[in-house]
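**Q** sequence plus the predicted model coming up.
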Amino acid sequence: VQLQASGGGLVQAGGSLRLSCAASGTIFSINVMGWYRQAPGKQRELVASITSGGSTNYADSVKGRFTISRDNAKNTVYLQMNSLKPEDTAVYYCDCNLRSAWNSGFLNYWGQGTQVTVSS
């Protein structure tokens, strides 16, 4: 299983970016998909997550600005980021909890990370 993240870049404060992360390989079903971020010198933190049924969870710092969504047919999760702030600068990682067969357990997989830089 591989997770390929894309969509990061450099943007001015107040701008928008959309991140995508596609899971590929032997996948039977996906449970929770999410985005984490890690700024220099800080621990990795949860940004947002979404269940297979569409229930979402957001960090307080991004509520009202970021929207997570997923396309189950494409095994892809998105993160629409609006009203970006310099403190959103970080490497963003996607995370996927899935199983490869009907009788296997759920495992977590991580994408390679994509840099988001917000200038003031």
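**A** Good, I have the coordinates.

**Q** who's in contact with the spatially most central residue of the chain?
**A** By Cα atoms, centre = their mean, the chain has its centre lying nearest to W35, at 2.6 Å. Residues counted as contacts of W35 (Cβ atoms under 8 Å, 6 or more residues apart in numbering) are 19, 21, 46-49, 68, 77, 79, 92-95. The C-beta positions use only the backbone N, C-alpha and C, and glycine is treated the same way.

**Q** and P86, by the same measure?
**A** By Cβ under 8 Å, 6+ apart, the residues touching P86 are A13, V118, S119, S120.

**Q** of those residues, buried ones?
**A** Among these, those scoring as buried are V118 (criterion: 16 or more other Cβ atoms under 10 Å).

**Q** out of the contacts of P86, which one sits closest to Y109?
**A** Set against Y109, the nearest of the contacts of P86 by Cβ to Cβ is V118 (27.1 Å).

**Q** you'd agree the closest one is in a strand?
**A** Yes: V118: assigned to a strand according to DSSP: H, G, I helix; E, B strand; the rest coil.

**Q** mind listing what's buried in stretch 4-18?
**A** Neighbour counts over stretch 4-18 (16+ other Cβ under 10 Å) mark A5, G7, G8, V11, L17 as buried.

**Q** ok, the second one touching R18?
**A** Which is G7. Yes: with contact defined as Cβ atoms under 8 Å, G7 and R18 form a contacting pair (5.4 Å).
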